[in-house]
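> Return atomic coordinates for the entry below.
(chains A and B)
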Amino acid sequence: MSVNTELTDDHEHTSVRGYLMVFAALMVLTVLTVLMSLVNFGLLMNALVAVAIAAVKTSLVVYFFMHVRESPKIIGFIVITSFAFLSILFLFTIADFRAQYGDGASSIPHAMPW
Amino acid sequence: MSHASSDTEHKPYQQHHFESMQQQTQATLLGIWLFMAQEILFFGGMFAAYTVYRILYPQAWAMGAASQNVWLGMTNTIVLIGSSVSIVMAVHEARHNQKMKVLKWFAITLLLGSVFFGIKSIEYGGKWDHQMVPGLNWNDHHALETINHHLAEDAQIAELPKGIQLYYSLYFAMTGMHALHMVIGFGLAFWIMGKTAKGCFNEEYYPHIEYFGLYWHFVDVVWIFLFPLLYLI
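Residues are numbered from 1 along each chain as shown, chains lettered A, B, ... in the order given. All right, here's what the predicted structure looks like:
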């Protein structure tokens, strides 16, 4: 088997070398996410950094491992749309309870001990 | 069987309601991805609940995450990403009609999945032993002891933070749902390995292998988000 130095092989599919490079990148990002959690940037920033790194890892998995790279454009559109709708779920939910309760749990009537 | 309007031969695996293999493949791929979109929103609901309660109970979330074993979580992350690579290799070999190699890569994937389950059961067992399973086996005193055990000398807490049981409920719900998806994945994998061994696929027709790969990668993506959100606050 000759050594393939390209990211793609003959039919524009990602080569084994390409997959291994993605794996290496995912390992680096995993270590990075653990290291970043040890530094205190503040509650919100730490959460955003963690989610941002996870988003990068997810993009690598979706684009290369899930073959979105070699798929028809509609598939990429569906992926992006799903995450767009997910963010609507997040944004509106957060906006709603922030409007009612501010950012403190103290103003919520607590009936249960947990 | 002949088709009046087509002069090309039907492959045995082309269904009657499709005009060509290419149309069938594209339609199937679209269907699988629509299922993926549903799964994203399905897990997304739990992530939304997580987000709301994390904002409301930051101390409980911090204490909950402190009581997790980051090294076990990180090992599980590496194991799952590794299993994604092995599944991608299985699809790669299927493209070249290498039946034995496909089976080998499937076996490696399931082996790594089993390692994941092993580590998960150690974690779940530990939580049960420490009586930190809300609803089934929860003891305030033991929970407080366990959390303090993970904190530094000067960071010890005197009482359980409000919302701590919520954190653990979400921990078990989200990782449990994720583990259930992996169990389903195992079932699918065995079925596909059986079909592969019988020679049902060739280099131009291997949809089960390809779409199982998509499903397995999705399960990996969910864990990629679960790990930092539950273990690394």
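
> Can you dump the C-alpha atoms of stretch B:158-175 in PDB for me?
This file holds the C-alpha atoms of stretch B:158-175, laid out as PDB (Å, rounded to 0.1, in the frame of the first residue of the first chain):
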ATOM      1  CA  ALA B 158     -21.100  22.800  55.800                       C
ATOM      2  CA  GLU B 159     -24.400  21.800  54.200                       C
ATOM      3  CA  LEU B 160     -25.600  20.500  50.800                       C
ATOM      4  CA  PRO B 161     -26.200  23.300  48.300                       C
ATOM      5  CA  LYS B 162     -29.700  23.700  47.100                       C
ATOM      6  CA  GLY B 163     -30.300  21.900  43.800                       C
ATOM      7  CA  ILE B 164     -27.700  19.200  44.400                       C
ATOM      8  CA  GLN B 165     -30.300  16.400  43.800                       C
ATOM      9  CA  LEU B 166     -31.300  18.200  40.600                       C
ATOM     10  CA  TYR B 167     -27.700  18.000  39.400                       C
ATOM     11  CA  TYR B 168     -27.600  14.300  40.100                       C
ATOM     12  CA  SER B 169     -31.000  13.600  38.600                       C
ATOM     13  CA  LEU B 170     -29.800  15.300  35.400                       C
ATOM     14  CA  TYR B 171     -26.500  13.400  35.600                       C
ATOM     15  CA  PHE B 172     -28.200  10.000  35.700                       C
ATOM     16  CA  ALA B 173     -30.900  11.000  33.200                       C
ATOM     17  CA  MET B 174     -28.500  12.300  30.600                       C
ATOM     18  CA  THR B 175     -25.700   9.800  30.900                       C
END
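
> Pull out the buried positions in that stretch.
In terms of neighbour count (16 or more other CB atoms under 10 Å in any protein chain shown), stretch B:158-175 has its buried residues at B:160-172, B:174-175. The way it works is simple: take the backbone N, C-alpha and C, and place the C-beta from them, glycine included.

> Out of those residues, which comes closest to B:Ile55?
B:Gly163 (10.7 Å; CB to CB).

> any idea which helix or strand comes after the top helix by length along chain B?
Assignment by DSSP state H gives helix B:21-56 as the longest helix of chain B. Next helix or strand after helix B:21-56 toward the C-terminus (DSSP states H and E): helix B:58-66.

> Keeping just the C-alphas, turn that next one into CSV.
This file holds the C-alpha atoms of helix B:58-66, laid out as CSV (Å, rounded to 0.1, in the frame of the first residue of the first chain):
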residue,chain,number,x,y,z
PRO,B,58,-24.4,27.4,40.3
GLN,B,59,-23.0,26.1,43.6
ALA,B,60,-24.8,22.8,43.4
TRP,B,61,-23.5,22.3,39.9
ALA,B,62,-20.0,23.2,40.9
MET,B,63,-20.1,20.8,43.9
GLY,B,64,-21.7,18.0,41.8
ALA,B,65,-19.0,18.3,39.1
ALA,B,66,-16.3,18.4,41.8
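
> B:Glu19 looks like it's in a strand, true?
No. Assigned with DSSP: H, G, I helix; E, B strand; the rest coil, B:Glu19 falls outside any strand and is coil.

> is stretch A:34-48 up against chain B anywhere?
Yes. Using CB under 8 Å from any CB of the partner chain, stretch A:34-48 comes into contact with chain B via A:Val34, A:Ser37, A:Leu43, A:Asn46, A:Ala47.

> pLDDT of the longest helix of chain B, averaged?
Across helix B:21-56, pLDDT averages out at 91.

> Just list what that helix packs against, helices and strands only.
helix A:73-101, helix B:164-197, helix B:207-231 (3 or more CB pairs under 8 Å, 6 or more residues apart in numbering or on different chains; DSSP states H and E).

> and of those, who's closest to B:Met74?
Short answer: helix B:207-231, nearest of the helices and strands packed on helix B:21-56 by CB to CB, at 7.2 Å.

> Off-centre distance for that closest one?
Put simply, helix B:207-231 sits 5 Å off its chain's centre (CA atoms, centre = their mean, to the nearest Å).

> residues of that helix that come out buried?
B:208-231.

> Quickly list the domain ranges of chain A.
Here the domain parsing of chain A from automatic domain parsing is A:1-71, A:72-103.

> any chance of the ones you listed in JSON lines, plus mean pLDDT and mean neighbour count?
Shown next, in JSON lines, are these (pLDDT from 0 to 100; neighbours: other CB atoms under 10 Å in any protein chain shown):
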{"stretch": "domain A:1-71", "mean pLDDT": "83", "mean neighbour count": "16"}
{"stretch": "domain A:72-103", "mean pLDDT": "87", "mean neighbour count": "13"}
